[in-house]
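Q: sharing a model prediction with you, sequence too.
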Amino acid sequence: MTHVANNNISQSGCGVTANMLALGASDSGFESRHPDKMFRLFQKKKEDFICENCNTEIKGNGYTNHCSKCLWSKHVDIFPGDRLEDCGGLMEPISIEKEGQKYMVTHRCKICRGEKRNKIEESDNFDSVIKISKEISDKSL
């Protein structure tokens, strides 16, 4: 059973209770400061899906969290792979950033406005990455 109060999550089951800080837009950098917690919170889910933004059929690999064609996502997880988020809104890619040799995309939910960051994968359409970067740049002018 999971309880959320004041950005803290209490999970109990099998006689074990763990309290963890709930991740959200205000917790940026949590992953880098606490990689051990992120590893325990990640649940690999190998699922295929049809993108609700562009209708592309996506073959999941267990780490897939957005459409590789248009880069849109869906707000279904509290922690990666748990499928416990009730919102279910589409998540628009709102920024692209380069971190070292990797590119990161930030998604914002169209319903609740929650934000999540995800790594751009080699299988993602890099033309979409460039297009989104350009659109964001044009908006800021």
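A: Thanks, I have it.
Q: contacts and neighbour counts: CA atoms only from here.
A: Noted.
Q: what segments of this protein are strands?
A: 2-5, 8-13, 16-21, 49-50, 57-58, 73-74, 90-99, 102-109, 115-119 (DSSP state E).
Q: please tell me how far the residue lying closest to Leu84 once chain neighbours are set aside sits from Asp86.
A: Nearest non-adjacent residue to Leu84, counting by C-alpha to C-alpha, 6 or more residues apart in numbering: Asp77, 5.4 Å away. Using C-alpha to C-alpha, to the nearest Å, one gets 8 Å for the distance from Asp77 to Asp86.
Q: the two: which is more packed in?
A: Asp77 (15 against 10; other C-alpha atoms under 10 Å).
Q: do I have it right that that one meets Gly89?
A: No: assessed by C-alpha atoms under 8 Å, Asp77 is found out of contact with Gly89, at 10.9 Å.
Q: which residues are in contact with Asn118?
A: Asn65, Met104, Val105, Thr106, His107 (C-alpha atoms under 8 Å, 6 or more residues apart in numbering).
Q: between the residues you listed, which has the most around it?
A: His107 (25 neighbours).
Q: now do that one, the pLDDT please.
A: Looking at His107, its pLDDT reads 96.
Q: swap in the one 5 residues further on?
A: For Cys112, the model assigns a pLDDT of 96.
Q: any stretches of the chain with poor pLDDT?
A: 1-42, 141 (pLDDT under 70).
Q: now the contacts of Asn118 as TSV including distance to Ile96?
A: Below are the contacts of Asn118 laid out as TSV (distance: C-alpha to C-alpha, whole Å):
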residue	distance to Ile96
Asn65	15
Met104	6
Val105	5
Thr106	7
His107	9
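Q: and the residue nearest to Lys74 when sequence neighbours are not counted, how many neighbours?
A: Closest residue to Lys74 apart from its sequence neighbours, by C-alpha to C-alpha, 6+ apart: Leu90 at 4.5 Å. Leu90 has 21 neighbours, counted by other C-alpha under 10 Å.
Q: now do Glu115
A: The burial count for Glu115: 19, using other C-alpha under 10 Å.
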